[in-house]
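Colleague: the following block contains a protein sequence and its predicted model.
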Amino acid sequence: MRARDLLLLLLCFAAVYGPQLGRRALWNPDEGRYAEIPREMIASGDLVTPRIDGIKYFEKPPLGYWAVAGSLALFGDNETAARLPIALFALLGVLAVAFAGARLFGRAAGLWAAAVLATTPLWFGLGQTVSLDMPVSALLTAALLAFLLATRAATATARRGWVLAFFAAAAGATLAKGLIGIVVPAMVIGVWLLLTRRWRALLVALSPWGIALFLALTVPWHLLVARANPEWAWFYFVHEHFLRYTTKIHARYQPPWFFVPILLGGMFPWVVLLPRAVMAAWRTRRDAQTAEAPDAARDERDATLFLLGWAAIVFAFFSASGSKLVPYILPVLPPLALLVGRVATARREEPRSRAAEGVALALGALFAVAVALLPRFPGGADRAAMLGGWRLALALALLASGALPFLLGRRERAPLGYALGSTLVLLALGGCAPRFDPIQSTRPLATVLRPLLQPGDEVVSYRSYFQDLPFYLGRRVSVARWVGELEYGAAHQPAPWLYDEPTLRARWSGPRRVFLVAAADRATSLGGHVVARAGENVVLVNHP
């Protein structure tokens, strides 16, 4: 990658992603959880055992926590610091796609693939969200692309470098979200080897030096946390990996087609180029099967087959899971961005067709009308009122995201239209998001509550656990009449700050000042004095 290309990508990424990092509050539950665990790591000095509200939390490994903890230690406990490492992981994925795309399909294809990925709404949204899905997706992207480049390296030295990069990134993905860092690369590479019969690539996948590096990076934490917490291994390996995938134990079951609309909406407007990209990849595979096809054509065929298999296998794998959440589909986006970036550069050389731009125009208009008519949908009036003037901005951005490709397509500049239109949508979404802070976060309540707290006061989260509340208060809170995901950790340690309704009522009527944070309709029976309201939640105090 040229230095000026790298500088261009960095500047554009910073301009679009940077201003959004601190614009909105941390949203519950995920952002609160994944910011609070690192804060507690810093406060306790224990970087081995993750805890939330002082309770052991074994669901995920520590790499994402460590990254956020480092940022909080440097820049303080605020939203920008919590989200900065996530945005940097998103940038890692964009740069990996740009570099690999340039190596595989040419400089222009690499730059367009980076533009596709960076301006895809789902990648952008999760690049602004404190969670573990972006770190694992970016590291899986780096790992799989490093493997592909290792199989094409011209020298032994270059091959060794890519092999070590592959195993280091796979280790990072494993430390970010568990065994998926091993399972996904193994599936994608295994199927690709069977289809292409490039058995020499096994030397990359089974490199002794690479395996040693992987183990050196991943084993120490697993041994340390197991030694400190004998109860960790069963929950982590059996409950969080095997049972999460094969059963409905987490109550997150969705039908097999769940990710189809997520992918279509999450890649808009670039999604309209997917059929063309897949057909172009299929033609490459067909043309390269002829005996007279040069080695370069066969390499391109194998690369496109790798990307197609990567996207299809990950999509099918998570669609078959008994537990589905929107972010699970994120690792599908980088290979699709590479395929779309490749076809975006080839449009001038192919027979002219404006079908994709016509579909983009129709979809953009449809989405814009849906936003404009939001008050007419069930429950839409409240959402429309919260958006205020940003609703019009979002509708216009969606319309532009379809109209710009259509208009610029006449000058063979349709990809530029997609990039500009999608960027407008991202900026509009970034402007809309803070409007939902009162219903998604306790920051408005904590802003009022924190100056009032004195030594000896107790803060109670009632009949729910607002996971961002400890982060904004900078202290542990009590939790009454709720256990949820804290159940396993609380069963293996003393946790007197988790208690039942009778205990709460005894404390509420006692001499100690107690602040209660709850949904307004759940706290009426306790009485007390209202301190603050935000959205559907309220802060009460037993003694004024």
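Modeller: Arrived safely. Since this is a predicted model, take the numbers as computed values, not measurements.

Colleague: could you point out which residue ranges in the stretch 201-350 of the chain have low pLDDT?
Modeller: Regions of the stretch 201-350 of the chain meeting the criterion pLDDT under 70 cover residues 244-253, 285-295, 347-350.

Colleague: now do Leu540 against Gln467, distance only.
Modeller: For Leu540, the distance to Gln467 equals 20 Å [Cβ to Cβ, to the nearest Å]. For the C-beta atoms, the positions are set from N, CA and C on the backbone; glycine is no exception.

Colleague: who has more neighbours, these two?
Modeller: A count of neighbours by other Cβ atoms under 10 Å puts Gln467 above the other of Leu540 and Gln467, at 27 against 22.

Colleague: secondary structure of that one: a strand, I assume?
Modeller: No: counting by DSSP: H, G, I helix; E, B strand; the rest coil, Gln467 is located in no strand; its state is coil.

Colleague: doesn't Trp27 make contact with it?
Modeller: No: between Gln467 and Trp27 there is no contact under Cβ atoms under 8 Å: 9.8 Å.

Colleague: so which elements touch the longest helix along the chain?
Modeller: Secondary structure of the chain per DSSP state H: the longest helix is helix 79-105. Helix 79-105 sits against helix 3-17, helix 30-44, helix 63-75, helix 107-118, helix 121-126, helix 133-151, helix 295-319, helix 333-346, with contacts defined as 3 or more Cβ pairs under 8 Å, 6 or more residues apart in numbering; DSSP states H and E.

Colleague: give the buried residues for it.
Modeller: Using 16 or more other Cβ atoms under 10 Å as the burial criterion, the residues of helix 79-105 that qualify are 79, 81-105.

Colleague: please tell me how far Ala201 sits from Gly358.
Modeller: Taking Cβ to Cβ as the measure, Ala201 falls 41 Å from Gly358.

Colleague: between the two, which is the more surrounded one?
Modeller: Shown here are Ala201 and Gly358; by other Cβ under 10 Å, Ala201 has more neighbours (19 against 15).

Colleague: contact partners for the more buried one?
Modeller: Phe147, Thr151, Ile189, Leu193 (Cβ atoms under 8 Å, 6 or more residues apart in numbering).

Colleague: got a pLDDT number for the first one?
Modeller: Looking at Phe147, its pLDDT reads 97.

Colleague: same question, the third one
Modeller: According to the model's per-residue confidence, Ile189 sits at a pLDDT of 96.

Colleague: circling back: run the angle between the longest helix of the chain and helix 107-118 for me.
Modeller: Angle of helix 79-105 versus helix 107-118, following axes from the mean of the first three to the mean of the last three Cα atoms, to 10 degrees, is 150 degrees.

Colleague: now Arg51. Its backbone dihedrals?
Modeller: Main-chain torsions, Arg51, degrees, to the nearest 10: phi -140, psi 150.

Colleague: swap in Ser323?
Modeller: phi -130, psi 120.

Colleague: can you give me the neighbour number for it?
Modeller: Around Ser323 there are 18 other residues, counting by other Cβ under 10 Å.

Colleague: one more: Pro455?
Modeller: If you count neighbours by other Cβ under 10 Å, Pro455 ends up with 4.

Colleague: report pLDDT for it.
Modeller: pLDDT recorded at Pro455 is 92.

Colleague: helix, strand, or coil at it?
Modeller: Looking at Pro455 with three-state DSSP, the answer is coil.

Colleague: measure it to Arg512 for me?
Modeller: 11 Å.

Colleague: same check, this time on Ala414
Modeller: Ala414 sits 66 Å away from Arg512, taking Cβ to Cβ as the criterion.

Colleague: neighbour count for those two, which is higher?
Modeller: Neighbours per residue (other Cβ under 10 Å) separate Ala414 from Arg512, with Ala414 holding more: 23 against 11.

Colleague: wait, the more buried one touches Glu357, no?
Modeller: Yes: under the criterion of Cβ under 8 Å, Ala414 makes contact with Glu357 at 5.6 Å.

Colleague: shared neighbours, these two?
Modeller: When contacts are counted by Cβ under 8 Å, 6+ apart, Ala414 and Glu357 are jointly contacted by Pro405, Phe406.

Colleague: per the record, what domains does the protein have?
Modeller: Listed by automatic domain parsing, the domain ranges of the chain are 131-345, 351-437, 440-541.

Colleague: redo those domains as a markdown table? Include distance to Trp112.
Modeller: Shown next, in a markdown table, are the domains of the chain (distance: least, Cβ to Cβ, whole Å):
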| stretch | distance to Trp112 |
| --- | --- |
| domain 131-345 | 4 |
| domain 351-437 | 6 |
| domain 440-541 | 34 |
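
Colleague: who wins for proximity to Leu6 among these?
Modeller: Proximity to Leu6 (Cβ to Cβ) singles out domain 131-345 among these, at 15.7 Å.

Colleague: so how far is the closest one off the chain centroid?
Modeller: Mean-position distance between domain 131-345 and its chain equals 15 Å (Cα atoms, centre = their mean, to the nearest Å).

Colleague: understood, closing this out.
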